[in-house]
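[1] Provide a 3D model corresponding to the input given below.
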Amino acid sequence: MRILCCNVRYYGGRDGDNHWNYRKSLCARVIRSRRPDIVCTQEMSIEQHRDMIAFLPEYAWYGMVDTTNGMNPQNAIYYRRDAFWLISSGGYWLSATPHVAGSSSWESSCVRLANWVRLVETSTGAELRVVNTHLDHVSQPAREGQAALINADATAYPAERAQVLTGDMNCDGTNAALKSFIDAGWVDTYASVHGPGEPGFTFHGFEGTAHRTTLGKIDWVFVRGSVRVLDAEIVRDSEGGRYPSDHYFVGATIEIEG
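    Sure, this is the predicted structure:
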């Protein structure tokens, strides 16, 4: 099955010609070109979500809003109706009080959360749990605390349970928060296919290869449990110098074993 992780850049950004309204069709074309079974998004505003439902009519979805008065399914997960049926879904806030709606901790600059779904692959009967998140972009203590919470949640399940973790982690492989995922048993799909070397940035600010930064890959697809990684990709597609988002999307093709 094919997993895509897509930070779509939020609707309210002052992006001029790169505003969502001018790139949403391109975004849809790039996503559909990969024929994904599951699409995990970050920064999803309600306006974008409505467009995504129209772009992906054969997909069901699950998402949670970040704040108590919010309307934006920030980390929405879309999955093919014909490929999966849903067992359960849920989420939690990445804070010291994870079941208090809208809560934040550790000097996090934004309210952050994780969504999850438990899916059964209809063709095989195999179960997969998918977790989708977006760590804080400012506070290092927040990133570390948020990662620790996700790790604790994942280890509550049997070691053999197939799980996928996707997200914009706002940090590359040199960061302690990111290393904590590896230490907790998550496997980086990209490194498992292409080796441990730094593949380069995934945030590019709509500049593509012209972007200059010392920050490496910050968008990730991890797996754990009975999962075999078949392929992995950083999606660098563009059309006429235009990009579907200010991040490159990342993808992995996996197989549930056993």
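
[2] so where do the helices sit in the chain?
    Ranges of helices in the chain, per DSSP state H, are 20-33, 46-55, 140-154, 176-183, 189-194.

[3] The ones you listed into CSV, with extra columns for distance to E255, mean pLDDT and mean neighbour count?
    All C-beta atoms are positioned from the backbone trio N, CA, C, and that covers glycine. Formatted as CSV, the helices of the chain follow (distance: least, C-beta to C-beta, whole Å; pLDDT from 0 to 100; neighbours: other C-beta atoms under 10 Å):
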stretch, distance to E255, mean pLDDT, mean neighbour count
helix 20-33, 21, 98, 17
helix 46-55, 26, 98, 17
helix 140-154, 20, 98, 21
helix 176-183, 21, 98, 17
helix 189-194, 12, 98, 19
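
[4] Turn these into JSON lines, including distance to D66.
    Listed next are those as JSON lines, based on distance: least, C-beta to C-beta, whole Å:
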{"stretch": "helix 20-33", "distance to D66": "18"}
{"stretch": "helix 46-55", "distance to D66": "12"}
{"stretch": "helix 140-154", "distance to D66": "13"}
{"stretch": "helix 176-183", "distance to D66": "19"}
{"stretch": "helix 189-194", "distance to D66": "26"}
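
[5] Figure out which of these is closest to G241.
    Across the helices of the chain, G241 has its closest neighbour in helix 20-33 (11.2 Å, C-beta to C-beta).

[6] Just list what the closest one packs against, helices and strands only.
    strand 2-7, helix 46-55 (3 or more C-beta pairs under 8 Å, 6 or more residues apart in numbering; DSSP states H and E).

[7] V130 versus G195, what's the distance?
    Between G195 and V130 the computed distance is 25 Å (C-beta to C-beta, to the nearest Å).

[8] Give me the more crowded residue out of those two.
    Taking neighbours as other C-beta atoms under 10 Å, G195 and V130 compare with V130 leading, 22 against 8.

[9] who wins for proximity to E207 among the helices of the chain?
    With C-beta to C-beta as the criterion, E207 lies closest to helix 20-33 of those, at 14.0 Å.

[10] CA atoms of that closest one as CSV?
    Provided in CSV are the C-alpha atoms of helix 20-33 (Å, rounded to 0.1, in the frame of the first residue of the first chain):
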residue,chain,number,x,y,z
TRP,A,20,-4.1,27.6,-2.1
ASN,A,21,-6.7,28.9,-4.5
TYR,A,22,-4.0,29.0,-7.3
ARG,A,23,-2.3,25.7,-6.6
LYS,A,24,-5.0,23.4,-5.3
SER,A,25,-5.5,21.7,-8.7
LEU,A,26,-1.8,21.1,-9.0
CYS,A,27,-1.8,19.7,-5.4
ALA,A,28,-4.6,17.4,-6.4
ARG,A,29,-2.8,16.2,-9.5
VAL,A,30,0.5,15.5,-7.7
ILE,A,31,-1.3,13.6,-4.9
ARG,A,32,-3.4,11.5,-7.4
SER,A,33,-0.4,10.8,-9.6
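
[11] relative to strand 2-7, how tilted is that helix?
    Computed with axes from the mean of the first three to the mean of the last three C-alpha atoms, to 10 degrees, the direction of helix 20-33 lies at 160 degrees from that of strand 2-7.

[12] thought S238 was touching T209?
    No. S238 is beyond contact range of T209, at 9.2 Å (criterion: C-beta atoms under 8 Å).

[13] Have a look at these two and say which one is more surrounded.
    Between S238 and T209, counted using other C-beta under 10 Å, S238 has the larger neighbour count: 14 against 9.

[14] which residue packs closest to the more buried one, ignoring adjacent ones?
    Setting aside the residues directly before and after it, S238 is nearest to G208 in space (C-beta to C-beta, 6 or more residues apart in numbering), at 5.8 Å.

[15] Now do the same contact list for the one you found.
    When contacts are counted by C-beta atoms under 8 Å, 6 or more residues apart in numbering, G208 touches 236, 238, 241, 243.
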